[in-house]
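Chemist: dropping the sequence and predicted coords here.
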Amino acid sequence: MKRILLASIIIFFFFTSPCYCKDYVILTQPDPNLINDDSGADANMTFWDLPLSLQLVTISSLVLALGWKMAAVLIARIKDENNDNRLKILQFIERNPGISVNSVKRDLSLKRGTIRYHISVLKEAGKIVLLKNGNYVSLFKKDQDVLNNLYSRNIEPYLQGITCKKICWLIYENPGITNKEISEELGLTKSAITSHIHKLAENGYLVVEPNGKSKNYYFKENCHPDMIQYFERID
């Protein structure tokens, strides 16, 4: 069938091509009765000069198009606010204050990119609070009781990687404690403890007293572990 159609097209162009046609000469004869007006348009027409029916059709089309656009945006926004994954993440954070992104990913079996997107939206909407401690980020639902005093000891169980806070309370409750004793108590290396001690001393919270080969640590007078900002709030 394709071959027959192709052959028909070739035959058509073959017999209608100029080389197989007789020569014709077309001569133009000016008509003295014909008047050519080359002066252009008489006037510019605005929208309001159009017939009323055309105006109504145009305006109605614009209003209809705008209405559809606004309806689509509204529907998408309502659907987005009620996103199942987002509600699931918010409820999970409420049940597990201080949870990390990795834990949300593991327990809810969602992609990391999906979780980060919904967490960003929830944070911008003021529904959750993010607290950063070093490389750790803890998630809390806003207005949870545990957030009433961010630097109290009550929040410690909900924060990950809160080594500095544990060291502070150990020094506060055991004045004169040494690096070795802290290491044995918390199961940490001496170098890890030393880095926290240096930071606390530089910020003016601790007194360090040499004692032979070791050092004794004390909290300064009028200083308390609850005064120390172990983490920062991510706004």
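Modeler: Done, it's in.

Chemist: can you give me the strands in this protein?
Modeler: Counting by DSSP state E, the segments of the chain that form strands are 128-133, 136-141, 177-178, 206-211, 214-219, 232-234.

Chemist: export these to a markdown table and tack on mean pLDDT and distance to Lys199?
Modeler: Every C-beta, even on glycine, is put in place using the N, C-alpha and C of the backbone. Below are these laid out as a markdown table (pLDDT from 0 to 100; distance: least, Cβ to Cβ, whole Å):
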| stretch | mean pLDDT | distance to Lys199 |
| --- | --- | --- |
| strand 128-133 | 83 | 13 |
| strand 136-141 | 84 | 16 |
| strand 177-178 | 92 | 17 |
| strand 206-211 | 90 | 9 |
| strand 214-219 | 92 | 13 |
| strand 232-234 | 71 | 14 |
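
Chemist: counting neighbours, what do you get for the closest residue to Trp48 other than its chain neighbours?
Modeler: In space, not counting the residues next to it along the chain, Trp48 is nearest to Gln55; the distance is 7.3 Å by Cβ to Cβ, 6 or more residues apart in numbering. Gln55 sits with 13 neighbouring residues when counted by other Cβ atoms under 10 Å.

Chemist: from Thr46, how far off is Gln55?
Modeler: Counting by Cβ to Cβ, to the nearest Å, the separation of Gln55 from Thr46 is 11 Å.

Chemist: so Tyr217 bridges to which residues?
Modeler: Beta-bridge partners for Tyr217, by DSSP bridges, are Ile177, Val208.

Chemist: contacting residues for it?
Modeler: By Cβ atoms under 8 Å, 6 or more residues apart in numbering, the contact list for Tyr217 reads Ile171, Gly176, Ile177, Thr178, Asn179, Ile182, Ile197, Leu206, Val207, Val208, Glu209.

Chemist: mark which of those residues are buried, thanks.
Modeler: Ile171, Ile177, Thr178, Asn179, Ile182, Ile197, Leu206, Val207 (16 or more other Cβ atoms under 10 Å).
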